[in-house]
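1. Task: produce atomic coordinates for the following.
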Amino acid sequence: MRKKEVKMDKSVQITLIIAVSVLVIVGAIIGTFNYYAGPQKTINGNGEATIKVVPDLVSVYFNIETKDDSSEIARNENAEIVEELIISLIREGFNREDIVTQSFNLYPNYDWGEDGRTENGFVASHQLKVELSTEESDKIGELIDAGVNAGAQISYINFELSSELQNEYKAKAIKLAAEDAKVKAKAMAEGLDKEIGELVSVSSSNFNYSPWRAFGMVEDMEGAELVREATTDIQPGEREISAQVNAKFKLK
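-> Predicted coordinates:
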């Protein structure tokens, strides 16, 4: 009985060896076929879309800058101007939550000459932004007066999209760009007597949006008067935003 069992074990081993060898050979044949068949043929479609949108916000950016030999005094004087500006804006009817600090910096001030740089006190710089809906653009003059009277500069005035509007139009632009990518890929495939198959990959390469500048620096009452007069004619108008999408399809 033991001899028979040994013979059976050997036959099983031989069978397994043959089976494994067959699998290895088949795998090699498939691999060789795939190698010579080459990579899967694909086609790319680069889609673009541009849509127009009317900004729903107008933002006024203030810069409060103070200098002194003492960093503490420069910072304290800056804080006093900022506080006065915020109080003035609230008195004019603006909401505190619409007055947002963009940045605050305190750094050494340097003079440059033939002998290099020499330290000349410290500078405290505080940037604030006040947002209004475009329907309230008639209040820009009051904003400018409050800022300049408090000792602030107007860095610039922008027409902008709120986060909600940005997200809405970003989705629309990317969707249209994706559709354009598919149309282009399909047209190229038909020109080659092919058809597009399943989607291999897709990426959104860009979404172009930036605020639109209405006015630049306003440093004094004379400049504020000019801007105040101009604000009565401010019309944001439609602006273009764009998106690009790249989509890769299999060819069949």
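
2. Phi and psi next, for E114.
-> For E114, the backbone dihedrals (degrees, to the nearest 10) come out as phi -60, psi -30.

3. what's the neighbour count on A49?
-> With neighbours defined by other C-beta atoms under 10 Å, the count for A49 comes to 19. Just so you know, the C-beta spots here come from the backbone N, C-alpha and C atoms, and that holds for glycine as well.

4. now it: how far from E97?
-> Per C-beta to C-beta, to the nearest Å, A49 is found 35 Å from E97.

5. now do F159
-> Remark: distance between F159 and E97 (C-beta to C-beta) = 21 Å.

6. If you count surrounding residues, which of those two has more?
-> Neighbour tally, F159 and E97, criterion other C-beta under 10 Å: the higher count belongs to F159, 21 against 7.

7. In the sheet, which residues pair with that one? Tell me.
-> V58, W212 (DSSP bridges).

8. who's in contact with it?
-> P55, L57, V58, T134, P211, W212, A214, P236, R239 (C-beta atoms under 8 Å, 6 or more residues apart in numbering).

9. got the domain boundaries for the chain?
-> Using automatic domain parsing, the domain ranges for the chain come out as 1-38, 57-160+215-235.

10. List the pairing partners of the helix or strand where V100 lies within its sheet, with orientation.
-> Using DSSP states H and E, V100 sits within strand 99-113. The partner list of strand 99-113 in its sheet, established with DSSP bridges, is strand 116-133 (antiparallel).

11. so how far is the strand it pairs with from its chain's centroid?
-> Centre-to-centre, strand 116-133 and its host chain are 25 Å apart (C-alpha atoms, centre = their mean, to the nearest Å).

12. so after it, what's the next helix or strand?
-> Next helix or strand after strand 116-133 toward the C-terminus (DSSP H and E): helix 140-150.

13. mind checking how far that following helix is from the chain centre?
-> Centroid separation between helix 140-150 and its chain, computed with C-alpha atoms, centre = their mean, is 31 Å.

14. List the buried residues for it?
-> By 16 or more other C-beta atoms under 10 Å, the buried positions in helix 140-150 come out as I140, G141, E142, L143, I144, D145, A146, G147, V148, A150.
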